[in-house]
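> Sequence isn't available, so here's the structure alone:
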């Protein structure tokens, strides 16, 4: 029998070592369009070393996370039999680009000796099936089949712009991967709602609490912009005063000390990106989700509210009645939202907020009683004055029987009835508002997330509100905006109905 040569023995040892393969075997195209050997960067090395069964990755841009998982999954499929790996992108174009530019390119540029042994039986625009019965594929949902490895790219963007597709992935693709297999979800932040936000928050709390993770718990990773060595600029740059204060706060509050080159890079990017920097290039996890929400109706108003510190803790003022402003579900199964306010001088103190669902008016009567507040007026939206089918009574009349004496908010005239007028009314009244930071936290979050509906076919926002969890609290606030004594008198409303008979 012929003795194995030293070179052949070394080759076999290398091929058996995944870490060596990932550092020496694959080729990619870098950001300059150059064909280069794939060498894991710092972020990719951290992921490789500390990857968990379920990993949730909040990041700034351009860390190469998806590239890493494309190469890793390709390697797993090449050197292991009967494996199934999937990569989900938020649209078809990105999915096919991932496959062509990352997965297929890396396979096509392998040494001939390896491709002669591990051949591609199926080679399509979205899948490679090898002769060892392992396969890697890309798509926008990957609901069918069973996967051992799954990567979801830009899941935050999916959750925000395509919530139905995000739900399909959660109920479908995530269930194709069983306990003990691997799922890695990554994204930049896209507002503080949706599956990605919820998964990040839960995983972050477990990490901070040093909770021992099970195979079905997500492990939290965060990769900020300042960890990328490319994010520096060797130039003399004048640092604007707002950024001087920002850099100081990072050092004082988070022990993040940026050198001059990092500050110069951030400053120049800030000139073009502005408020988008916190979303695209966050310094902390909290900052990522504080970023401006695209399509949000009240962004500039809340920027001013935060600047003027009108979200704070304050006492209820004695001697001033407490008014309530409602959005009532048409059925007991719908959500009802209530804002509680006191009008003091030229300011509206939002002292409390309450929301619930699957409950009827008697339940909310008890909620009002249990607060112990001394109420002034209760105001509901204009549609509570409609007669209900079956009872022959209006919601106003049914409430009055329970002791809740509703006023009815004005309805915009039919010829100008439009969501824009209601949004304008809310924007006009927000400068008069002070919010109780603790009691109104859920309502504040809803107002900040109330946004326009996204039209994925046209690639733009529609001129109407997106109906989600933020809608009912926002609609209750709009009840106040059109009915309060501070309501914009320039708007042409029909006369207010004073009190139900």
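Happy to help now that I have it. A quick note: this is a predicted structure, and the numbers were derived from the prediction, not measured.

> So this structure: which segments form each domain?
6-223, 232-292, 311-483 (automatic domain parsing).

> For residue 304, which of the ones you listed is the nearest?
Evaluated over the domains of the chain, closeness to residue 304 peaks at domain 311-483, with 7.1 Å, by C-beta to C-beta. Using the backbone N, CA and C atoms, a C-beta is placed for each residue, glycine as well.

> Ends of the closest one, what's the gap?
Criterion C-alpha to C-alpha, to the nearest Å; first-to-last residue distance in domain 311-483 is 23 Å.

> what sits against residue 445?
192, 470 (C-beta atoms under 8 Å, 6 or more residues apart in numbering).

> give me that answer again for 7 Å
Listed by C-beta atoms under 7 Å, 6 or more residues apart in numbering, the contact partners of residue 445 are residue 192.

> sorry, back to before: mind checking which of the domains of the chain is nearest residue 300?
Here domain 311-483 is closest among the domains of the chain (C-beta to C-beta), at 8.4 Å.

> count of residues packed around residue 15?
Counted by other C-beta atoms under 10 Å, the residues lying close to residue 15 total 16.

> repeat for the one 5 residues further on
Neighbourhood size, residue 20 [other C-beta under 10 Å]: 12.

> What does it show for phi and psi?
The phi and psi values for residue 20, taken as degrees, to the nearest 10, are phi -60, psi -40.

> For it, list the residues it contacts.
residue 14.

> Let's see the pLDDT reported for it.
At residue 20, the model reports a pLDDT of 95.

> The one 3 residues further on too?
Each residue has a pLDDT score; the one for residue 23 is 95.

> thinking it is in contact with residue 39, fair?
Yes - checked against C-beta atoms under 7 Å, the pair residue 23 and residue 39 is within contact range at 6.0 Å.

> Just give the number of residues close to the closest residue to residue 82 other than its chain neighbours.
Spatial nearest neighbour of residue 82, excluding adjacent residues (C-beta to C-beta, 6 or more residues apart in numbering): residue 133 at 5.0 Å. Neighbours of residue 133 under the rule other C-beta under 10 Å: 12.

> now residue 36
There are 10 residues near residue 36, going by other C-beta under 10 Å.

> Could you measure from the residue lying closest to it once chain neighbours are set aside over to residue 368?
Computed as C-beta to C-beta, 6+ apart, the closest residue to residue 36 that is not its neighbour in sequence is residue 30, at 5.0 Å. Taking C-beta to C-beta, to the nearest Å as the measure, residue 30 falls 63 Å from residue 368.

> who's more crowded, these two?
Between residue 30 and residue 368, counted using other C-beta under 10 Å, the more crowded position is residue 368 (19 against 12).

> Now for that one: which residues touch it?
residue 375.

> For it, pull up the helix or strand it's in.
According to DSSP states H and E, residue 368 maps onto helix 361-371.

> cool, residue 36 as well?
strand 35-37.

> List of residues touching that strand?
Contacts for strand 35-37 (C-beta under 7 Å, 6+ apart): 27-30.

> after it, next one along is what?
Later in the chain than strand 35-37, the nearest helix or strand by DSSP H and E is helix 42-50.

> Output the below-cut-off pLDDT ranges for the stretch 301-450 of the chain.
Scanning the stretch 301-450 of the chain for pLDDT under 70 picks out 330-333, 388-391, 412-419.

> need the helices for it, in chain order.
361-371, 395-401, 419-429, 441-449 (DSSP state H, counting those that start in this stretch).

> Which one, of those helices, ends up nearest to residue 201?
Residue 201 lies closest to helix 441-449 among the helices of the stretch 301-450 of the chain, at 12.0 Å (C-beta to C-beta).

> buried stuff in the helix or strand immediately after that closest one in the chain?
Downstream of helix 441-449, the first helix or strand assigned by DSSP H and E is strand 452-455. In terms of neighbour count (16 or more other C-beta atoms under 10 Å), strand 452-455 has its buried residues at 452, 454.

> ok, and what's touching the next helix or strand after strand 452-455?
Using DSSP H and E, the helix or strand that follows strand 452-455 in sequence is strand 460-465. Identification of contacts with strand 460-465 by C-beta under 7 Å, 6+ apart yields 295, 419-420, 450, 452-455, 471.

> Distance from strand 460-465 to the middle of the chain?
Computed by C-alpha atoms, centre = their mean, to the nearest Å, the chain-centroid distance of strand 460-465 equals 18 Å.

> Over to stretch 127-137?
Worked out by C-alpha atoms, centre = their mean, stretch 127-137 lies 33 Å from the chain centre.

> cool, and stretch 8-19?
Worked out by C-alpha atoms, centre = their mean, stretch 8-19 lies 43 Å from the chain centre.

> Make sure residue 129 is actually in contact with residue 122.
Yes - using C-beta under 7 Å, residue 129 is in contact with residue 122, at 3.7 Å.

> Just want to know which of these two has more residues nearby.
The residue with more neighbours, out of residue 129 and residue 122, is residue 129; 18 against 10, by other C-beta under 10 Å.

> Tell me the bridge partners for that one.
residue 122, residue 135 (DSSP bridges).

> so what's it up against?
Taking C-beta under 7 Å, 6+ apart as the test, what residue 129 contacts is 120-122, 135.

> out of those residues, which is most surrounded?
Of all the contacts of residue 129, residue 135 has the most neighbours under the rule other C-beta under 10 Å, reaching 20 neighbours.
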